[in-house]
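Q: Got a predicted structure plus its sequence, pasted below:
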Amino acid sequence: MENLHLLYSATARCRCGAGLAYDETNIGKNNAWVCSRVLLGEIEPSQDHDEYPFSMYDIKSECQPSAYGATTRPGGVAKTREQGRIAMLGEPRVKMLERNKELFVYHPPKEGQAERYERIRRAAKDFADTVVINGCPSPELTLAIRAIEEAMMRANQSIAVNE
Ligand SMILES: [Zn+2]
């Protein structure tokens, strides 16, 4: 069983050999480095497994740059500081990160999409031309063109990102 919120020590281990760890989302509760097997629920807490209060021991975490990637995490791949932060984020921001994967990636046109993009672009250009021909040159007119431009981009993006 993997706990995504566990942060492991760089080198310090419980006397049983398992790495020390703490739950990043639950720091107030424990305030200590604890045998990771205990935290994972694999074994019951007992005197055979170590617990080091933060206030009394300065134990280096795998996220610290000075750990140089050292970790007691099973598998031996240290969590980076950014991954540590991501693990602590709440659901809304995790969803936004998922959404970013869709937003900030190239979407090659799929079957039939190119024609629809073109229709939207053409309608936007007609609207923009109408605005330029009939409006009065001014900062407002420039903003109007920008707004049409954005509407066109958003409309095309709605296809690219969601289909
Ligand atoms: Zn232990």
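A: Great, that's in hand.
Q: Check the secondary structure at Y52 for me.
A: strand (DSSP: H, G, I helix; E, B strand; the rest coil).
Q: make that L7, sorry
A: L7 is classified as strand under three-state DSSP.
Q: gap between it and A151?
A: 45 Å (Cβ to Cβ, to the nearest Å). All C-beta spots, glycine's among them, are computed from the backbone N, C-alpha and C.
Q: Compare these two and say which is more crowded by neighbours.
A: Comparing L7 with A151 by other Cβ atoms under 10 Å, the one with more neighbours is L7, at 25 against 14.
Q: which residues sit in contact with that one?
A: A21, Y22, D23, E24, S61, E62, C63, K79, G84, A87 (Cβ atoms under 8 Å, 6 or more residues apart in numbering).
Q: What distance do you get for the fourth one to S9?
A: E24 sits at a distance of 13 Å from S9 (criterion: Cβ to Cβ).
Q: Comparing those two, which shows the higher neighbour count?
A: Using other Cβ under 10 Å as the criterion, E24 and S9 rank with S9 on top: 24 against 18.
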